[in-house]
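S.K.: whatever this is, show me its structure:
(2 chains)
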Amino acid sequence: MDVTFRIRRFNPEVPGKNKPYWQEFVLKDVDPTDRVLELLHRIKWEQDGTLTLRRACAHGVCGSDAMRINGVNRLACKVLAKDVGERIQIEPILGLPVLKDLVVDMEPFFAHYRSVMPYFINDTAVPADGRERRQTQEDREKFDDTTKCILCACCTTSCPSFWANGEYVGPAAIVQAHRFIFDTRDEGSKERLGILAEPNGVWRCRTIFNCTPACPRDIQVTRAIGEVKLAIQRGSREGVISEGVGPIAVSNS
Amino acid sequence: MKTHQFEAIVVGAGGAGLMAALYATKGGAKTAVISKLYPTRSHTGTAQGGIGAALGNLDEDNPLWHAFDTVKGGDYLADQNAAKVLAENAIDAVIELEHMGLPFDRTDEGKISQRRFGGHTSNFGEKPVRRACHAADRTGHMILQTLYQQCIKHNVTFYDEFHVVDMIMNNGKFAGVIALELGTGEFHVFHAKAALFATGGWGRVWNVTSNAHSLTGDGAAVVYRRGIPLQDMEFYQFHPTGIYKMGILITEGVRGEGGVLINGRGERFMEKYAPKIKDLASRDVVSRAIYLEIREGRGVKGKDYVYLDVTPQTVNRYLAEAGESRRIDAETIEKKLPDILDFCRTYLGVDPVKEPMPIQPTAHYAMGGIPTNVDAEVVIDENWTVLPGLYAAGEVACVSCHGANRLGTNSLVDLVVFGRRGGMAMADYVKRADYAPLPASPTAEIEGEMNRIRAGKGKTRPVELRKIMQQVMMDHVSVFREAKGMQQALDTVRELKARYQTDLTIDDKGFQFNTDLLEAWELGALLDMAETTAVSALNRKESRGAHSREDAKERDDVSWMVHTLVSRPAGTPPYPQGSPELQLNTKKKVDLSLAEQDARFVPKVRTY
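M.R.: Okay, the predicted model is just below:
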């Protein structure tokens, strides 16, 4: 099939291209199972080498190629041509400064990530036998979902609250905090809950739900935020996550 | 041009780089990590099945058994002292990762859960053992995230999206590295006492690969172009189970959970090739078996792929046949292999719980690379002479703990074990070393090369050369090899190098985020990797591990218990015209220190 791409371009170095504009590219002989990333590569490699984007693993694990595809945040390597049709519109993710074409400044995003103490804290001595800390399978399960986060920014840059206020830590940072708050081995949850209780923490979330379908890892982002809110209100993580609750049904299409 | 000064530099921010950075920083060295990607984009994050360590949480285990499996898996080319260090340090390294918070899956007792993996056995090859410590099928993701988190906790300095493009040597002494800042196109000189390269592999030399687009061998090329030899380049691993045509990895953990390989006639063919451990034989053995089945017309639908079947129906039938009491169900598969299911459903429209997955071998892992000793110090000749201040760890390095073929899970072990040892060694070294002075205009040569590519007025786009290289290397320097084909591949690669030097053109003439320029520069690195691979492979006239020659089918322990060192002639500039005749040195003997004490480590015919 033939596919027409409409791509949002911007190149600060080139007069005439240093204001955002749209450009169309036509690709012939597209296989319906081609990934959008492969098609963007075909444009870059065969038609216009100046087209600029980030990518690495090309199978949805490294989180480099988040972009707006037909108005929805996706990883270009996880979307097939047949899923988005013969006209594909590509834009950079929203809410972060655009540096060139599809490349945005990720620094504000990573700054929010770093602000929630996204690392394991446990100052108690390790077991006397020098071996692993024990954890039950049930306790491990409680934070399994949020360990999947690849920091691609699909969720945060789909969030209207973040668009309106870039100081809001955003869904991804909360997901990362959740992964530690609900890890029974971790001892830093009180401090993290304190950080997230501040004005630019979880309460900026208005439960709009954009983040959850945007997540390429199918993390129940809104639910994770809700669990953090509940833990803040109760002043403790205890009992917030009950066992055996299935995922909230949210369509990913 | 900006100049920075750090005692220790780490190039690359995957598992090995982050581990080294943590330990160099903790050891008191003023350290910076320079990475062409954001650290969490590194390829360690795509490792799936597990990290091997003889914890004995589920089956009785012993690090000596792990060392034996590693040596045997490497077809006896592994340096036995290195395999011993790998296996012994693995236990402590995995426990340390858990203490850093890594969310391993758990046993019923709450310990780290372990699963079976190819080539890992108990009691010197007796039967498969559960040794691979795992977090679902995203173990590498958890390792990468955990190490990055720890680096944030310990205030490690990062230069993200800085691409190291040259190494600075002054009168034979290491003096620093040069990086190009992606965002501005500006060159930065990092004056340093020591640097550890942890830049990963070069799977993009071949056209079907599990490797990220970023894996272009550029770190290895930077070091090689400054006169350091590369070791054992002929040993490149093809993982048996890549998604058909796409090359995306399907973890060996699938077979560890009971999955089996099935040919076009519906036969479980690994029974023929490895009667004892069947589908869990080492990767080189399984990849060759798949190629042979396909060649003899037993691919699926007569095509060049076979099936990997993990449907409960099939798995349980074979478990019953084997007299095992264990059974699996769809829920277990969903829980233990969630990402694999996601890949197959997304990219193939195949649901592995209900139907088999079409797979073919995929270019996966470089056993060879920058030669080092067990402390990650780079060694430049057959006498293990150390180049002070230069270190390497992870896939880019060749310790050699993997020999001619790496076992599954051992790449993750390698990164944490040798990354850590390298970080510690660097921290110690910088306390007693001085900075070598910077030479005059250190960036002249690399700026010249970048300007040449940027201004190229030729007719050839990089993609044309890359595609030809990938195809010819796939056709002639992959799972099966013979002299004529390899020579043809080498001739082609040299022609491509000539066109690269004289006829290149790119579109983007700018400086900010010029990925067009950097991809073209990376192609130059790939061509160096392809050339050194083909030259080394042509020279080794035997079959061993991943290097399988149809015109020399036997392993030859009389002549070839040696490593290959390939280098450019002394005094070659980093960007020479043409392709200078490469120098080969096969005087570096394999370390057999375990065999000297224990007859079970003496090289023998390898069967599984």
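S.K.: any idea which element the residue in chain B that chain A sits nearest to lies in?
M.R.: Residue of chain B nearest chain A, by C-beta to the nearest C-beta: residue B:101 (2.5 Å). From N, CA and C alone the C-beta is placed, and that goes for glycine too. Counting by DSSP states H and E, no helix or strand carries residue B:101.
S.K.: where does residue B:148 land in three-state SS?
M.R.: helix (DSSP: H, G, I helix; E, B strand; the rest coil).
S.K.: any idea how far it lies from residue B:568?
M.R.: 36 Å (C-beta to C-beta, to the nearest Å).
S.K.: which one's more surrounded, these two?
M.R.: residue B:148 (28 against 22; other C-beta atoms under 10 Å in any protein chain shown).
S.K.: do you know the pLDDT at the more buried one?
M.R.: Listed pLDDT for residue B:148 reads 98.
S.K.: how far away is the closest residue to it other than its chain neighbours from residue B:239?
M.R.: Spatially, and ignoring its direct neighbours in sequence, residue B:148 is nearest to residue B:39 (5.0 Å; C-beta to C-beta, 6 or more residues apart in numbering or on different chains). For residue B:39, the distance to residue B:239 equals 24 Å [C-beta to C-beta].
S.K.: likewise residue B:500?
M.R.: 29 Å.
S.K.: which of the two has more neighbours?
M.R.: Using other C-beta under 10 Å, the more surrounded residue of residue B:500 and residue B:239 is residue B:239, with 26 against 23.
S.K.: quick check: phi and psi on the more buried one?
M.R.: In terms of degrees, to the nearest 10, the main-chain angles of residue B:239 are phi -70, psi 140.
S.K.: what sits against it?
M.R.: B:210, B:249, B:252, B:283, B:287, B:361, B:362, B:363, B:364, B:365 (C-beta atoms under 8 Å, 6 or more residues apart in numbering or on different chains).
S.K.: got the confidence number for the nearest residue to the first one once chain neighbours are set aside?
M.R.: Among residues not flanking residue B:210 along the chain, residue B:249 sits closest, at 4.0 Å (C-beta to C-beta, 6+ apart). On the pLDDT scale, residue B:249 is placed at 95.
S.K.: stretch B:305-317 vs chain A: in contact?
M.R.: No. Against chain A, stretch B:305-317 shows no contacts by C-beta under 8 Å from any C-beta of the partner chain, the least distance being 15.1 Å.
S.K.: next one: phi and psi at residue B:181?
M.R.: Torsion angles, degrees, to the nearest 10, at residue B:181: phi -80, psi 120.
S.K.: give the contact list for residue B:438.
M.R.: Contacts of residue B:438 by C-beta under 8 Å, 6+ apart are B:3, B:168, B:170, B:175, B:176, B:189, B:191.
S.K.: hmm, try it at 6 Å
M.R.: Residues in contact with residue B:438, defined by C-beta atoms under 6 Å, 6 or more residues apart in numbering or on different chains, are B:175, B:191.
S.K.: just the one 5 residues further on next, same as before
M.R.: Each residue near residue B:443 by C-beta under 6 Å, 6+ apart is listed here: B:1, B:178, B:187.
S.K.: intersect those with the contacts of chain A.
M.R.: Near chain A, judged by C-beta under 6 Å from any C-beta of the partner chain, there are no entries from those.
S.K.: sitting in strands, which of those residues do you find?
M.R.: Mapping those onto strands (DSSP state E) picks out B:178, B:187.
S.K.: my reading is that residue B:362 lies in a helix. Confirm?
M.R.: No. Counting by three-state DSSP, residue B:362 is not part of a helix but strand.
S.K.: look at the residue lying closest to it once chain neighbours are set aside and give its secondary structure.
M.R.: Spatial nearest neighbour of residue B:362, excluding adjacent residues (C-beta to C-beta, 6+ apart): residue B:242 at 2.6 Å. Recorded secondary structure, residue B:242: strand (three-state DSSP).
S.K.: quick one: contacts for residue B:242?
M.R.: B:210, B:360, B:362 are the contacts of residue B:242 under C-beta under 6 Å, 6+ apart.
S.K.: where does it land on pLDDT?
M.R.: 97.
S.K.: ok, now how distant is residue A:40 from residue A:91?
M.R.: For residue A:40, the distance to residue A:91 - C-beta to C-beta - is 12 Å.
S.K.: next: residue B:188.
M.R.: For residue B:188, the distance to residue A:91 - C-beta to C-beta - is 31 Å.
S.K.: rewinding a little: report how many residues lie close to the residue of chain B closest to chain A.
M.R.: Residue B:101: 22 neighbours (other C-beta under 10 Å).
S.K.: residues in contact with it?
M.R.: A:120, B:146.
S.K.: same thing with the one 4 residues further on?
M.R.: The neighbourhood of residue B:105, defined by C-beta under 6 Å, 6+ apart, consists of B:113, B:134, B:135.
S.K.: thinking again about what came up before, Throw the contacts of residue B:242 into CSV and include neighbour count, distance to residue B:225 and pLDDT, thanks.
M.R.: Putting these into CSV (neighbours: other C-beta atoms under 10 Å in any protein chain shown; distance: C-beta to C-beta, whole Å; pLDDT from 0 to 100) gives the following:
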residue, neighbour count, distance to residue B:225, pLDDT
B:210, 27, 26, 98
B:360, 24, 34, 97
B:362, 26, 28, 97
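S.K.: need the strands for the stretch 1-150 of chain A, in chain order.
M.R.: A:3-9, A:21-27, A:66-69, A:72-75, A:87-91, A:98-100, A:103-104 (DSSP state E, counting those that start in this stretch).
S.K.: touching chain B at all, the second one?
M.R.: No. Strand A:21-27 lies apart from chain B when judged by C-beta under 6 Å from any C-beta; the minimum separation is 13.2 Å.
S.K.: my guess is residue B:522 contacts residue B:216. True?
M.R.: Yes. In this structure, residue B:522 is within contact of residue B:216 by C-beta atoms under 6 Å, at 3.9 Å.
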